[in-house]
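J.: Predicted structure and sequence below. I'll ask about it afterward.
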Amino acid sequence: MLTKTSPKTVDDHVELPTATIAELWTARAAQDPDHVYCTYEGEDWTIGRMHDRSNRIANGLLTQLSTGDRVAVMLPNDPEYAAVIFGLAKAGLVRIPVNVHLKDLALEFIFERFDPRGLIADFSYKAALAPILEKYPALTVIWRDSSAPDGCALSTLAAAASEENLEVGVTPDTIIAITPSSGTTGEPKGVLKSDLSLRAGPLGIIALTDADAGDVLLHWEPLYHGAGVAVLIAAVMKPLKLVMISRFSASRFWPQIADNGVTLIHYLGGVLQILLAQAPHPAEERHKVRLAWGGGCSAEVWKRFTERFGIPMHEGYGLSEATTFVTINRDGPAGSCGVALPFYDVRLHDDGDDADPNVGELLIRPKTPGLAFKGYYGRPNSVSELVMEGWFATGDLMRKDENGYFYYAGRLKDSVRRRGVNISSWEVERVFQAHEDVEECALIGVPGEFGDDDLKLFVKRSDGASITDENLLSWAKERMPYFQLPRYLAFIDAFEKTPTQRIIKAKLSKEISDCYDYEAQVGRISGKR
């Protein structure tokens, strides 16, 4: 059953631009070439410099690849990565972002599933990429570093290429990115992203924050994450300034904010809780932040953050299959992710006549046809499976209050949310399943200290196996990114299963006092290898 669409709407006028990303850059470069687009480690990148650099990258790449080719990108956060993102868009090449923490099976999966023809990578990741390069010898490898002993060098290609604008026929409907989803119902899926869909997300940021001339944003988001790219594009649409840093640091956060005159701060996952856990810093008293914006904040954390730092908060909700934001909360109650943006309709779907009509799976329908879900790469039936009469089934539960505001209420799909990242249980389980002493395993989320989930893994040993919890986790640590490594591990004699032999995860205990705590025994794993 579908509930009626909420009468509450976003009052601000939000209109999708007709210009493509490449055309937006051409216009900005002509009008405002000296505006500082971003800074990094004390160095300014103006609009003109970023436009010229991304043009050179685009023209250079097209000497090695063809428009429409898929290109995996594995680079650290800095302005050169931004130039690569825009260069790929201008050239009509399809960007496949690669999380720089991936290794072994998780990294190999990206290349198996999405079959890129090219790879742009920093040479520091060569060891992790070595098995990939051996398995795919036809891959066109472009190292960012000119000192790399083999393969093309991006700097050499760009230096020899033209700064002229490209004419490659990119339209709003052209697919220019494949964004690996979190794999909430199994293996990760590659969401097909058009030029238009990548421009719609930043409009949600602008509507949520009123970002405009004079605003300065601390850009800490990984550029393999959709939110990080959306901020880059927002700063093309509006004369914003980005202060780029290589990664988020709680200890340096407030000095970076105060010293750079930052006016807007973005949060995801446990960022706010991490900041609240820090001792007071003198820089907290001299910041110029007018607003914090993001997603995944509870009403309790919202209140604590605003009381301590004196910063108003705006919340939103989005997903890879749609745009960075589908709903936004500019003036509603704390803890709500708001109401629909003007280019989306949203509804709830419940499970029957006896269900609560104000709680259900969120369905979304774009009012602009070009924003419709384009499907997953290599899965031609994905649109028909997830879209009915124009409504896309998100797999996320929402609650709606009497005033039409939505509140996130959990996931229908099998994933765990940790530090702002949706982690596929399937991805974690397949690594442990590869160990000869593991017969079966299952991952669940348990309440964590930062308001999201910690990972708890249940393992049934193979007959006669005697591997310990510490040894098993140490083995897995070398084969998976740190954010996927479970904190808790419990051995189990048998799993309760359905008639089709699926493990019933709802029957697994969320208790943490009766299992091995890896962080307590070995030290905090976040960011440590």
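T.: Perfect, I can see it now. Numbers count the residues shown, from 1 in each chain.

J.: For stretch 505-524, what is the distance to the chain centroid?
T.: Relative to its chain's centre, stretch 505-524 lies at 26 Å (C-alpha atoms, centre = their mean, to the nearest Å).

J.: Number of residues surrounding S197?
T.: Per other C-beta atoms under 10 Å, the neighbour tally for S197 reads 27. Yep, even glycine has a C-beta here, placed from its N, CA and C like the rest.

J.: One more: the one 5 residues further on?
T.: Other residues within reach of P202, judged by other C-beta under 10 Å, total 26.

J.: Am I right that it is in a helix?
T.: Yes: counting by DSSP: H, G, I helix; E, B strand; the rest coil, P202 is part of a helix.

J.: hang on, R95 in a strand?
T.: Yes: using three-state DSSP, the secondary structure at R95 is a strand.

J.: pretty sure it contacts L88?
T.: Yes: here R95 reaches L88: they are 4.6 Å apart, a contact under C-beta atoms under 8 Å.

J.: Give me the common contacts of the two.
T.: In terms of C-beta atoms under 8 Å, 6 or more residues apart in numbering, R95 and L88 are both contacted by the residues V71, V73, I176.

J.: per-residue confidence at the first one?
T.: The predicted local distance difference test score for V71 is 98.

J.: Could you give the number of residues near it?
T.: 23.

J.: so what's it closest to, chain neighbours aside?
T.: Take V71 and drop its neighbours on the chain: the residue closest to it by C-beta to C-beta, 6 or more residues apart in numbering is G118, 4.1 Å away.

J.: Now do that neighbour against T67, distance only.
T.: 12 Å (C-beta to C-beta, to the nearest Å).

J.: go on, M237?
T.: 24 Å.

J.: picking up where we left off before, tell me the contacts of the residue nearest to V71?
T.: Here G118 is in contact with L61, Q64, L65, D69, R70, V71, A72, L93, L139, T140, V141, I142 (criterion: C-beta under 8 Å, 6+ apart).

J.: which of those residues are buried?
T.: L61, L65, D69, R70, V71, A72, L93, L139, T140, V141, I142 (16 or more other C-beta atoms under 10 Å).

J.: hang on, the third one packs against A91?
T.: No: under the contact definition of C-beta under 8 Å, D69 does not touch A91, with a separation of 9.1 Å.

J.: quick revisit: any idea of the pLDDT on the residue nearest to V71?
T.: Predicted confidence (pLDDT) for G118: 97.

J.: now do C297
T.: 85.

J.: Could you list which of the shared contacts of R95 and L88 belong to strands?
T.: V71, V73, I176 (DSSP state E).

J.: which one of those is nearest G228?
T.: Nearest to G228 out of those is V73 (C-beta to C-beta; 12.3 Å).

J.: How about the closest one: what's its closest non-neighbour residue?
T.: V73's closest residue in space is I120 (C-beta to C-beta, 6+ apart), at 5.0 Å.

J.: What count of nearby residues applies to the one you found?
T.: A count of nearby residues for I120, using other C-beta under 10 Å, gives 28.

J.: Phi and psi next, for it.
T.: phi -110, psi 120 (degrees, to the nearest 10).

J.: That one is in contact with M74, isn't it?
T.: Yes: counting by C-beta under 8 Å, I120 touches M74, with 7.4 Å between them.

J.: give me every residue that touches I57.
T.: Neighbours of I57 in contact, by C-beta under 8 Å, 6+ apart: A83, V84, F86, G87, L88, L154, L157, A158, A161.
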